[in-house]
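>>> Coordinates only, no sequence provided:
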Ligand SMILES: *Cc1c(COP(=O)(O)O)cnc(C)c1O
């Protein structure tokens with residue numbers, strides 16, 4: 001448990017899979033965590049964090065950003081279109097571009113603002129009805145549709161079904177990325193980030209293994 005341990009395991013997984021050291025971005029997922037736990041990780045020098053809720057992130061990060069330079073914030077939760085503007089004020093990356101209506105609104109905002117966060121298309125690799133994301137069969141067309149609207153995509157993201165071996169899902173995501181010329185792969189969480197690194201993850205999203213269990217009380 002803890003940041004140092006996870007950083008060591010990430011480095012070992014990079015080496016084991018022939019990846020360059022430091023190639024994988026470790027996103028520390030701080031949603032719902034007590035503030036002192038997040039501050040401890042900031043004080044340890046980590047700067048890349050993930051949040052799931054715009055409102056929660058807006059309440060915490062402006063203050064930390066004034067105190068800790070060069071924080072990079074990644075949105076990894078479902079994004080409602082009515083929260084798009086505050087999300088664009090806060091986040092450097094959005095991992096949950098998961099539907100055409102969001103792509104359309106994003107494209108308009110990006111034009112108006114003249115800047116764009118890193119964007120990852122969320123793919124529902126398990127085709128789970130309750131889960132957000134573009135279905136694998138629709139992914140190529142969605143990527144093309146985003147590009148036709150001048151959205152620059154960084155890569156793809158997935159959350160494999162909880163009760164399955166994640167590796168086939170990581171491979172499916174990598175295949176979709178490869179054939180669409182996308183280099184970013186946001187995949188792997190506390191329980192499976194080493195397997196994700198072996199399959200080519202460029203961004204892993206690790207919460208409880210760094211901060212401890214979340215208490216939704
Ligand atoms: C909460 C969350 C994580 C982190 O999960 P852990 O199991 O705590 O590592 C990663 N990705 C997404 C999309 C999440 O919502």
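Perfect, thanks for sending it. Since the structure is predicted, the reported quantities are computational estimates derived from the model, not experimental observations.

>>> Report pLDDT for the nearest residue to residue 107 once chain neighbours are set aside.
Distances taken as CB to CB, 6 or more residues apart in numbering put residue 149 closest to residue 107, at 3.8 Å, once the chain neighbours are dropped. Placement of C-beta: from N, CA and C, glycine included. In this model, residue 149 is scored at 97, pLDDT.

>>> correct me, but residue 149 touches residue 104?
Yes - the pair residue 149 / residue 104 is scored as a contact, 6.9 Å apart, by CB atoms under 8 Å.

>>> residues from this protein in reach of the ligand?
29, 31, 52, 76-77, 159, 189-190, 205-209 (CB under 6 Å from any ligand atom).

>>> switch to 5 Å and redo it
29, 76, 189, 190, 205, 206, 207, 208 (CB under 5 Å from any ligand atom).

>>> Write the PyMOL selection for whichever of those are buried.
Of the residues of the chain next to the ligand, the buried ones go into a single PyMOL selection, burial set by 16 or more other CB atoms under 10 Å:
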select buried, resi 29+76+189+190+205+206+207
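
>>> Please convert the residues of the chain next to the ligand to JSON lines, extending it with secondary structure.
Formatted as JSON lines, these follow (DSSP: H, G, I helix; E, B strand; the rest coil):
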{"residue": "29", "secondary structure": "strand"}
{"residue": "76", "secondary structure": "coil"}
{"residue": "189", "secondary structure": "coil"}
{"residue": "190", "secondary structure": "coil"}
{"residue": "205", "secondary structure": "strand"}
{"residue": "206", "secondary structure": "strand"}
{"residue": "207", "secondary structure": "coil"}
{"residue": "208", "secondary structure": "helix"}
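
>>> Which single one of the residues of the chain next to the ligand is nearest to residue 128?
Closest approach between the residues of the chain next to the ligand and residue 128, by CB to CB: residue 189, at 15.7 Å.

>>> For residue 94, see how far away the closest one is.
18 Å (CB to CB, to the nearest Å).

>>> so what's the residue nearest to residue 107 up against?
103, 104, 107 (CB atoms under 8 Å, 6 or more residues apart in numbering).

>>> With residue 51 instead?
29, 30, 31, 57, 61, 73, 74, 75, 76, 77, 91.

>>> Narrow those residues to those in helices?
Among the contacts of residue 51, the members falling in helices (DSSP state H) are 57, 61.

>>> Nearest to residue 173 among the contacts of residue 51?
Distances from residue 173 to these, taken by CB to CB, are shortest for residue 76, at 14.9 Å.
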